Every structure is written in structure tokens, then in C-alpha cells.
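**Student:** need the 3D shape of this:
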Amino acid sequence: MGDCYENSKKDSAYFYYLQAQKLYAKVHDYDNVGRMLFNKAHILFYDGNYIECEVEVSKALQYFKKSTNHQLIYSCNTLMGNCLEKLANYDAALLYHKLALSELEKMKINDKDRDEINNYNVTSTINICNLYDLKGEFPKSIKKLQSLLSKDLKKKWPRLYANVLSNLAYSKMKNEDYENVGLMFFESLKIVENIGIESDVLYKKIHIGEFFLTQKDSVKAIQSLKEANQLAVKIKNSNEILASFKLLSELDKKNRFFYANEYIKVSDSINTVQKNTHNKYARIEYETSRIEDENKVLTKNNFYILIISFGLILLLVIFFVLRYLRYKNKELQFLQQQQKANEEIYLLLTEQHEKINIAKENEKAKIAKELHDGVMNKIYGVRMNLGFFNSKIDEKIIEKRKEYIFELQNIENEIRTISHDLSRSSFLEANDFNVLLSSLIENQKDISNTQFKYLNDETIEWSTIQNIYKINLYRIIQEAILNINKYANAKNCDVKIQREDSNLLKLSITDNGEGFDVKAKKNGIGLSNMEERANSLKGQFNIETKIGKGTKIEVIFNFLTLS
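**Tutor:** I've put the predicted structure just below:
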């Protein structure tokens, strides 16, 4: 039943796989329990629920620790690698794709079909090369992909050959080696067009558009991207619709606002769908478990009824009067047991409701803090700039205004990221922390009368410090800058981070503004959030200020104290 629904109604498929998983668990068929977990993870992946997918695949791999089903273990490792790639954890993704390849070696020993193993090997190598491209290690990708190209691959599996050829051309293009790149792209496109695989045609056209862009042939690039966009709309590939609109908005100067607006519309539509479906699979798990618990209670009560009834029938045969008296006694016991069971169910539901309310309040608090510390600060900066540029009409100011309009799109993406998972910190994983802080300070020049200066200790190796420390440092600095711009009227402000001893970091933010009376002033949400973030790192948070004497904020923490 799950297999029947997998391509047409994914939530129904998920439900039936869940039922099958429970039945396999009852008969201790753990290979099939793992297979059902993999099927559920597969549905979650193609619905964009990558975190839930990672959890289900991890459970499946636990069941396969002692399994000899190497083909299914290969599929689980491959899915985990693809999932971690979507979550931008490229090193971990690479590890799982290499584990998948190791399962192929075990399949060879068991005399599995050699052609099938070769297909798996090519697919895994393409996945690994995609990760090398994402990490910017293009020479590694080129070397591996070149080793796959052969006449035998082209003859037996033309689609795989076309994908290898296209990926090789893409890696060479990104490595700024344009020799034969155009011919390789067009050959791969011709192959998949002949086969009739529209999704592959779509990806090839987008890559060809990017290639023409590198060759500064805007006309051909726009034409190829328009064709890709039309095909993406036809086959309802929302990710590539967004990708083509984004490239066209950057490339087609004449129609850039049209494509930018279309990008926003599609992005909003996708956001709405994701909002409606985000928790549906977790809800299926919960509701199924709740129904099973209710059935257990009913089954228990029915069992008692059956035993009592059987006893009463036996007593009827022996002594009528004795049976009558015992019947009354048993009926009273049953009513008492039923009342007790109802009270237990009520208490369970009450406890569950309280837990749900606590979880909701915690999530509200997280959302409030993230929106205030992150998104509100950015919106304030953009609003200040747009207000300043609104009275200007020359071309340079108009272009500046457009940049801030696109910044609003970036803010929209950050809001969507917060709604998916407040604990994620991918924006720091993909950027050098010094660059982020320098950019934050540099951006104040256009919106503030205060001269900000960033002083960094060159001995600090930010790559060795966990992201949780960098996130909270960034947010504290961001909040302090906002307060200085709003209230301090300062001419100068120094932001300084230095390392003390082997594992102490010290942040100081000093301005020469108006200052304030700490005892008299009631702390707002900004100061509270800064102190809360410092406390969460088991650090020290101090404010030194006097009216007319400026303000100094100091945070010190031991970055080895948290696990």
C-alpha cells in the first residue's frame, strides 16, 4: 500500500510505511523495520523535510549494523549523504557517500550484478563530485569525472554518460578552464533530449545559460535561461524555477524587476506550502500513537468484560442466587475500574496538553529573540538607507536603492530559515567570521553618524571555535550597534575581540556617547537578550556607563566550558 501511494499521495504512503514498520517490529524482522524507516526518510527528503529525514535514516542504519543487505545499506548511506548536502554539512555528506562506495565492494564479493554495481558506482562518484564542487575543490571533481567517461558507459547507459559529461563541463567551467566546455554541454543536452528526460534537459539548459554568462554572451545566456524557466514551470520544478528567475533578474537588465517580482511570488508560494506541510509527518506519527494508546485501553476494558461475563455464565449453571449476588459485585467492580481508567486517561491528556503549551511558549521565546536580534536589526538598517535615498533621484542612488530591495529579499530568506529551525546556524558555517563582523561594522558607514572601528586579535583561530559562540558574539555586537545608533549619539565606538590565556575570549564594545544611569534605567529587551546570550555561554556580562561619560559593554567567556 505504501509503495502504491509513494508517487501520488506521499502522506498516505508515509502512514502505511509506519504501520508496516510497527508490524515488522512485532515479529522481530529488523531488516524490514530498517527498510520501512528508509522508505519514510525517502518521502521526507523529497518533501524538503531534511532534518526529519536525517533522523529516520539514522534509525535505519542502527538496524542495519549487523545486516548483510548491502544494497539497502548503500541506499541509506547515499540518502544520508544527499540529506546532509541539503543541510550544507558537506564534510559529513562526503563521509556517507564514501561509506556507500564501501558497500559496493562488499556487493562485488557476493557476486551481485556487475552492471548494477557499476551504475551505483557512477552515481556515487557524481554525488561526491557535486560535494567537491560545493566546497570549491574543482580539480578533484574533474579528475574523478574524467575517469568515468568511456565508450562503454556511453553505449550502455547514455543517461549516466550525459550526466557525467555535463558535471565535468560544469566543474571545468567553475575552475575557469573553458576548453571544450561548450561542446560537452551541448553533447550532454542532445543525449537527454533524445531520451526524453525533461528534468535532465532542464538542468543542462541552466548550466548552458551559466556558461554563456561566463563567455559574456548575454543574448544566448538569456535565451537558454528563458527556455529553462519555461521547462521548469511545465514540470513544476519549483527549485529550478527560482534558480532561473534569480539568474534572469541579475542578467536581463531590461526586465530585471519583472523577474525579481516573479521570484518573490514563487518563493512566497513555496513558503506557504512548506508552512502547511512542515509538521504533517510528525503529526501522523503522533496521531497513530494516540489511537493505539486508546485502543489498548479499550482492549483492556473489553477483556475484563469478557472474563466477567464468562464467570457469570459458569455461576448461572451452579447456583442462581450465588451467581446473581456475584454478578452485582462484579458489575460494581467493573464500573469502578472503568472510572479509574477514565481518570488515568484524563490525567495523561492533561499532562500532554501542558507539555505542548510549554513547548509552544519556549518556541515563541526563541522566535522573539531571533527576530529581534537578527531580522529587526537588518530591517532597521535597510529602512534607514531607503529613507535616506528616498529623496534622491540620480542613477547612482537608484541603483543603491535596488541593492537594498534585494537585501529585503535576503531578510525574507532569513525569516524562512528561522521558521524552519531556530537552532540552525548555517550562515556562520559558510562564511569566515572575521569577514562577517567586518561587513557588519562597515555597513554602519551609510546609516550612522558614529564612526565604528573593529579591532580583532589575529591569534584567534575562528575555525576552531564552535558556531554557538560565534553566533551569540555576532548577535550581541549587532544588538549593541543598534542601541548605539538609536540612543548614544556617540562620535566613536570601538568593537574589540581578544584572546586571553588559552581558552578565554573577551569582547568589549566602547563608545563615547551620552551614557545612562544603569540603576535608574529599566533594561529593555535588547540588553536582556545580550545578557541572556552571555549567560547561555556561562560567561560574564558587565556594563560600565555614566551619564555624559559613554558606555562600555564587556563579555568574557571560557569557550571550553560548554559541551
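**Student:** okay, buried residues for the host helix or strand of Val555 please.
**Tutor:** Per DSSP states H and E, Val555 falls inside strand 551-558. In terms of neighbour count (16 or more other CB atoms under 10 Å), strand 551-558 has its buried residues at Thr551, Ile553, Glu554, Val555, Ile556, Phe557, Asn558. Quick note: C-beta positions are derived from backbone N, CA and C, even for glycine.
**Student:** residues in contact with the fourth one?
**Tutor:** In this case it means Val555. Val555 makes contact with Leu473, Ile476, Lys506, Leu507, Ser508, Met530, Ala534, Gly539, Gln540, Phe541, Asn542 under the criterion CB atoms under 8 Å, 6 or more residues apart in numbering.
**Student:** cutoff 7 Å now
**Tutor:** Counting by CB atoms under 7 Å, 6 or more residues apart in numbering, Val555 touches Ile476, Leu507, Ala534, Gly539, Gln540, Phe541.
**Student:** shouldn't the third one be in contact with Phe541?
**Tutor:** Yes. Contact criterion CB atoms under 7 Å: Ala534 and Phe541 qualify, at 3.8 Å.
**Student:** more crowded one of those two?
**Tutor:** Taking other CB atoms under 10 Å, Ala534 and Phe541 do not tie; Ala534 has more neighbours (22 against 19).
**Student:** now do the helix or strand containing that one: which elements does it pack against?
**Tutor:** In the assignment (DSSP H and E), Ala534 maps to helix 525-536. Helix 525-536 sits against helix 467-483, strand 540-545, with contacts defined as 3 or more CB pairs under 7 Å, 6 or more residues apart in numbering; DSSP states H and E.
**Student:** just the CA trace of the shortest one, in CSV.
**Tutor:** Coordinates of the C-alpha atoms in strand 540-545 are reproduced here as CSV (Å, rounded to 0.1, in the frame of the first residue of the first chain):
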residue,chain,number,x,y,z
GLN,A,540,30.4,37.2,32.4
PHE,A,541,28.3,40.2,31.2
ASN,A,542,29.2,43.7,32.5
ILE,A,543,28.1,47.3,31.6
GLU,A,544,30.0,50.4,32.7
THR,A,545,28.3,53.7,32.0
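**Student:** other residues contacting it?
**Tutor:** 515-516, 518, 530-531, 534-535, 551-556.
**Student:** lowest pLDDT pick from the residues you listed?
**Tutor:** Lowest pLDDT within the contacts of strand 540-545 is found at Val518 (78).
**Student:** secondary structure class for that one?
**Tutor:** Taking DSSP: H, G, I helix; E, B strand; the rest coil as the rule, one finds Val518 in the coil state.
**Student:** for the spatially most central residue of the chain, which residues are in contact?
**Tutor:** The structure's the chain has its C-alpha centroid closest to Leu87; by CA atoms, centre = their mean the separation is 4.9 Å. Applying CB under 7 Å, 6+ apart to Leu87 gives the contacts Tyr50.
**Student:** report pLDDT for it.
**Tutor:** For Leu87, the model assigns a pLDDT of 88.
**Student:** which element is Tyr454 on?
**Tutor:** strand 451-456.
**Student:** likewise Asn7?
**Tutor:** For Asn7, there is no helix or strand it lies in under DSSP H and E.
**Student:** how many residues are close by it?
**Tutor:** 9.
**Student:** look up how far Tyr46 lies from it.
**Tutor:** From Asn7 across to Tyr46, the span is 10 Å (CB to CB, to the nearest Å).
**Student:** one more: Asn130?
**Tutor:** Distance of Asn130 to Tyr46, computed by CB to CB: 17 Å.
**Student:** please apply the same query to Leu104.
**Tutor:** For Leu104, the distance to Tyr46 (CB to CB) stands at 24 Å.
**Student:** and the next helix or strand past the worst-scoring helix or strand of the chain on mean pLDDT?
**Tutor:** Least confident element among the helices and strands of the chain, by mean pLDDT, DSSP states H and E: helix 426-429 (a mean of 44). Scanning forward in sequence from helix 426-429 by DSSP H and E, the next helix or strand is helix 433-442.
**Student:** could you pull out the buried residues of that next one?
**Tutor:** Buried residues in helix 433-442, counted by 16+ other CB under 10 Å: Phe433, Leu436, Leu437, Leu440, Ile441.
**Student:** using a markdown table, lay out those together with distance to Asn175 and pLDDT.
**Tutor:** What follows is the buried residues of helix 433-442, written out as a markdown table (distance: CB to CB, whole Å; pLDDT from 0 to 100):
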| residue | distance to Asn175 | pLDDT |
| --- | --- | --- |
| Phe433 | 27 | 79 |
| Leu436 | 27 | 82 |
| Leu437 | 30 | 85 |
| Leu440 | 32 | 85 |
| Ile441 | 34 | 89 |
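**Student:** and those residues as TSV, adding distance to Gln230?
**Tutor:** TSV is the format used below for those (distance: CB to CB, whole Å):
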residue	distance to Gln230
Phe433	42
Leu436	38
Leu437	43
Leu440	40
Ile441	44
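**Student:** from those, pick the one nearest Ile222.
**Tutor:** Among the buried residues of helix 433-442, Leu436 lies closest to Ile222 (CB to CB), at 33.5 Å.
**Student:** closest one to Ile465 out of the buried residues of strand 551-558, please.
**Tutor:** The closest of the buried residues of strand 551-558 to Ile465 turns out to be Phe557 (CB to CB; 10.8 Å).
**Student:** who's the closest one bridged to?
**Tutor:** Beta-bridge pairing for Phe557 (DSSP bridges): Leu505.
**Student:** renumber starting at 431 from here on
**Tutor:** Right, with 431 as the first residue, what we last looked at is Phe987.
**Student:** next up, the contacts around it.
**Tutor:** Leu935, Ala964, Leu967, Lys968, Gly969.
**Student:** most surrounded residue in those?
**Tutor:** Gly969 (24 neighbours).
**Student:** what's the following helix or strand after the helix or strand where Lys452 lies?
**Tutor:** Assignment of secondary structure by DSSP H and E places Lys452 within helix 440-456. For helix 440-456, the following helix or strand on the C-terminal side (DSSP H and E) is helix 460-476.
**Student:** run through who's touching that next one.
**Tutor:** Counting contacts by CB under 7 Å, 6+ apart, the residues outside helix 460-476 that touch it are 432, 436, 440, 443-444, 447-448, 450-451, 454-455, 482-483, 486-487, 489-490, 493-494, 497, 499, 502, 505-506, 509, 512-513, 711.
**Student:** just the buried residues out of those, in PyMOL syntax.
**Tutor:** Buried subset of the contacts of helix 460-476, written as a PyMOL selection, criterion 16+ other CB under 10 Å:
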select buried, resi 432+436+440+443+444+447+448+450+451+454+482+483+486+487+489+490+493+494+497+502+505+506+509+512+513+711
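**Student:** burial count for Gly943?
**Tutor:** If you count neighbours by other CB under 10 Å, Gly943 ends up with 20.
**Student:** please apply the same query to the one 3 residues further on.
**Tutor:** When neighbours are defined as other CB under 10 Å, Phe946 has 17 of them.
**Student:** with adjacent residues omitted, what lies nearest to it?
**Tutor:** Using CB to CB, 6 or more residues apart in numbering and skipping residues adjacent in sequence, the residue nearest Phe946 is Thr975, 5.8 Å away.
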